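*Asks:* Structure for the following, please:
(chains A and B, ligands or ions: 3)
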Amino acid sequence: MSAASNVDLSVSIGGLTLRNPVMPASGTFAEGLEKVMDFNRLGAFVTKTITRELRAGNPLPRVVERPGGLINAIGIPSKGVPYFIETIMPHYAAYDTPLVVSISAPTAEGFASLAAELSIPGVAAIEANISCPNIEEDGKAFAMRAESTQKVTRLLRTATELPLWVKLTPNTGDVPEVARAAEAAGADAVVVANTILSMAIDLKSFKPCLGNIMGGLSGPAIKPIVLRQVFQCAKAVKIPVIGCGGISTADDAIEYMLAGASAVQVGTATFLQPAAMTTIIDGLEAFCLRRETPRVADLIRGVIIEEADEPDLAWLDPVS
Amino acid sequence: MSIQLDQAHTTAMPIATAAGSACSGAPWKASIVAELAEVVRNEAVNAEYRHLVVNCSEEAAAAQPGQFFQLLCPQPAGEQPFLRRPMSLYGADPDRRQVEFLYKVTGAGTRGLDTLKPGDRLDIMGPLGVGFALDPGWRHIVAVGRGAGLATLAPLARAARANGAQVTAVFSARRPDLLVSVDLFHRHRADVIAVTDSEQTSGPANVERILRRLIADGRCDAFFTCGSSRLMRVQQRLAREVGLPGQVAMEQQMACGIGLCYCCVRDFNVNGEIVNRRVCWDGPVFDLMEALP
Ligand SMILES: Cc1cc2nc3c(=O)[nH]c(=O)nc-3n(C[C@H](O)[C@H](O)[C@H](O)COP(=O)(O)OP(=O)(O)OC[C@H]3O[C@@H](n4cnc5c(N)ncnc54)[C@H](O)[C@@H]3O)c2cc1C
Ligand SMILES: Cc1cc2nc3c(=O)[nH]c(=O)nc-3n(C[C@H](O)[C@H](O)[C@H](O)COP(=O)(O)O)c2cc1C
Ligand code: FES
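*Replies:* Residues are numbered from 1 along each chain as shown, chains lettered A, B, ... in the order given. Ligands and ions are numbered 1, 2, ... in the order given. Coordinates of the predicted model:
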């Protein structure tokens, strides 16, 4: 379809041009998908989060399903940086799709030194997964608060010249405020968002379904919540917002772009339909053709809000 | 030397295929597909198990013994299975482009499968994982299974025969009426020794006696097993004692089924070192001696 249609699917994310706005979400992508789809069609590759520490990951069971979604507590099993550079990176070098490396660390300095170490040829951008526990703040995730987000982003900014994406958590009251902090500290884009903290209990054993007790909810169940957060963040910052949460179809991706996303990440949907990403790319193109939209980027922030229709949130929160 | 039945899908291979297809400029082609297969048959074989046959693509029908599919199960009344369900290949017919499954109705997903009628569509994804490997030098192999493990071992009967090897199956079940795939093994001229809980023949001591006799008679060049860690341990002990090779198909809860999510990991003992492997991608068939219960 793409050769004939003339629809321009490319988007620009803080200095990095992607051939289309569709890429995997961290932790839901690996080389195995090469057997399912043509990797040269993706907007970007995004790796599973890597850490400097060798980590085993969480106890089993690591996933449990609920209607419309999945709760996972995989943890971040990591084989460390040399393994990543020597064994994982070469798989992707054969493609002309930009490689975005997701990183995590228990301290702001740890984030910065890992970003510096990974700012090497072959890496197109760094995605800092700051939804992980910060040991300097009692295990509270960096992205829970604007101050800790600003601190870690500032250190990251000085550590790398690569485009820097900061991935936020949806589990905080004021995501736009955290997005603003990331922007002020020099992030080139924010990814909104990681999984929603959740729990499930087994009615036979009365035990939590996950080995880790709590986990992160993903999939269609979270889409309306994260879409709202993308909308709010896109109003709060000028840097691109990358939408991530429950995207399974081209319609979902379009909705996110209208809400303000410049690109989208697809996670859980790939577990159900392994070719979801390429199906979404085809659907985006078909949509643009149908609407006679010459560039997919024209959809970004395209939601139409009449001035009189500013949302009134007071009824949601009677105390404020 | 062993012939890897599933040549395209060892842990080492995807690297080579990925790089190869990208560099060569040859048009890219999927080797794992998710497709809407047409149900041909979905019938009870006993109180617990159903036999499902579907029409599928050439790629799916090329599945090898020990490989599996991820089935997107229909929703039974009042339940919403979300993830796909892993199901071993029970039979594949490349000429008729069919694959078969033998499943036990246990929860929401398999209850959904139970609602399928001939003509319905079922979304199947596969073939997945690393299957069994048969060495052309093996004249006699022994397949030991219990529960759904009998389904997983079933396609070995035909493959071994095609390879010129005689199969002895030691099948374990709670009751004789719950034994499955016995006819299939008989059709492929395999010997079947049934042991059951109700007849008090299924204990590890009796199975060990049976296996020792097979070894003494020169009728066991390799073990193949699935579905019971107790029986696996018996075979590991014998294999170590006598110096026999073996393979085990393992189970673990899965989400993606293609190595992306790391929810299906198990520990393996590789030369004294404990390593984590993904059952869906590095297996489900593993070296018997490396498996841990
Ligand atoms: C590689 C592989 C091959 C298999 N082959 C067969 C087969 O040929 N025939 C057969 O009857 N069964 C087989 N199983 C087991 C089968 O996958 C489960 O019985 C099935 O997933 C149960 O789903 P449910 O919704 O009916 O049960 P539920 O208990 O409601 O399932 C809840 C969750 O647990 C998972 N789960 C439950 N039991 C198992 C299990 N034993 N192994 C892995 N995940 C499980 C489900 O997939 C689901 O995610 C196989 C499992 C694996 C890993
Ligand atoms: C199994 C699994 C593993 C994940 N691992 C990571 C990870 O390592 N790093 C990260 O930033 N996000 C991780 N995520 C979160 C996803 O990247 C994504 O933010 C989230 O799943 C929401 O998108 P989705 O609804 O499309 O899945 C993981 C999600 C899942 C389901
Ligand atoms: S099921 Fe996802 S890695 Fe095995």
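*Asks:* Where does the stretch 151-300 of chain A get nearest to chain B, residue-wise?
*Replies:* A:F271 (4.4 Å; CB to the nearest CB). Placement of C-beta: from N, CA and C, glycine included.
*Asks:* Which residue, neighbours along the chain excluded, lies closest to A:G186?
*Replies:* Of all residues not flanking A:G186 in the chain, A:R157 sits nearest, at 3.5 Å (CB to CB, 6 or more residues apart in numbering or on different chains).
*Asks:* and the one you found, how many neighbours does it have?
*Replies:* Here the number of neighbours of A:R157 (other CB atoms under 10 Å in any protein chain shown) works out to 18.
*Asks:* need the residues of the stretch 151-293 of chain B near ligand 2, please.
*Replies:* Within the stretch 151-293 of chain B, the positions near ligand 2 by CB under 6 Å from any ligand atom are B:C261.
*Asks:* One more pass at 8 Å, please.
*Replies:* Proximity of the stretch 151-293 of chain B to ligand 2, by CB under 8 Å from any ligand atom, involves residues B:A255, B:C256, B:L260, B:C261, B:Y262, B:C263.
*Asks:* so of those residues, which ones are in strands?
*Replies:* Among those, no residue falls in strands (DSSP state E).
*Asks:* hang on, isn't A:I50 packed against A:I85?
*Replies:* No - if you go by CB atoms under 8 Å, A:I50 and A:I85 don't touch, sitting 9.8 Å apart.
*Asks:* Among those two, which residue is more densely surrounded?
*Replies:* Taking neighbours as other CB under 10 Å, A:I50 and A:I85 compare with A:I50 leading, 26 against 17.
*Asks:* what's across from B:V248 in the sheet?
*Replies:* On the basis of DSSP bridges, B:V248 is bridged to B:T225, B:F286.
*Asks:* Measure how buried it is and give me the count.
*Replies:* By other CB under 10 Å, 29 other residues sit near B:V248.
*Asks:* Setting aside sequence neighbours, what's the nearest residue to B:R111?
*Replies:* Once flanking residues are discounted, B:R111 sits nearest to B:P76: 4.2 Å by CB to CB, 6+ apart.
*Asks:* quick one: A:L70 is in a strand?
*Replies:* Yes - counting by DSSP: H, G, I helix; E, B strand; the rest coil, A:L70 is located in a strand.
*Asks:* quick one, what contacts it?
*Replies:* With contact set as CB atoms under 8 Å, 6 or more residues apart in numbering or on different chains, A:L70 has these partners: A:V63, A:V64, A:L217, A:S218, A:G219, A:T268, A:F271, B:F82, B:L83, B:A255.
*Asks:* Sitting in helices, which of those do you find?
*Replies:* Here DSSP state H is the test, and those give A:F271 as lying in helices.
*Asks:* rewinding a little: check whether whatever helix or strand the residue nearest to A:G186 lives in contacts ligand 2.
*Replies:* Element membership for A:R157 (DSSP states H and E) is helix A:146-159. No - contact of helix A:146-159 with ligand 2 (CB under 8 Å from any ligand atom) is absent, the minimum separation being 14.2 Å.
*Asks:* for the chain, what spans make up the helices?
*Replies:* No chain in the question, so chain A it is. Ranges of helices in chain A, per DSSP H, are A:2-5, A:81-83, A:89-93, A:108-117, A:146-159, A:175-184, A:223-236, A:250-259, A:269-272, A:276-291.
*Asks:* ah, I was thinking of chain B
*Replies:* Here chain B has its helices, by DSSP H, at B:13-24, B:58-61, B:108-113, B:149-162, B:182-187, B:204-216, B:229-242.
*Asks:* name the helices or strands packed onto the fifth one?
*Replies:* Meaning helix B:182-187. On a contact count with 3 or more CB pairs under 8 Å, 6 or more residues apart in numbering or on different chains; DSSP states H and E, helix B:182-187 meets helix B:149-162, strand B:166-173, strand B:191-196.
*Asks:* What about contact with ligand 1: does it have any residue there?
*Replies:* No - against ligand 1, helix B:182-187 shows no contacts by CB under 8 Å from any ligand atom, the least distance being 13.0 Å.
*Asks:* List the buried residues for that helix?
*Replies:* Within helix B:182-187, the residues that count as buried by 16 or more other CB atoms under 10 Å in any protein chain shown are B:V182, B:L184, B:F185.
*Asks:* And the contacts of it?
*Replies:* Applying CB under 8 Å, 6+ apart, the set of residues contacting helix B:182-187 is B:G91, B:A154, B:A157, B:V167, B:A169, B:F171, B:V192, B:A194.
*Asks:* how near is the residue in chain B that ligand 2 sits nearest to to B:G131?
*Replies:* Ligand 2 sits closest to B:C261 of chain B, with a gap of 4.0 Å, by CB to the nearest ligand atom. B:C261 is 21 Å from B:G131, where distance means CB to CB, to the nearest Å.
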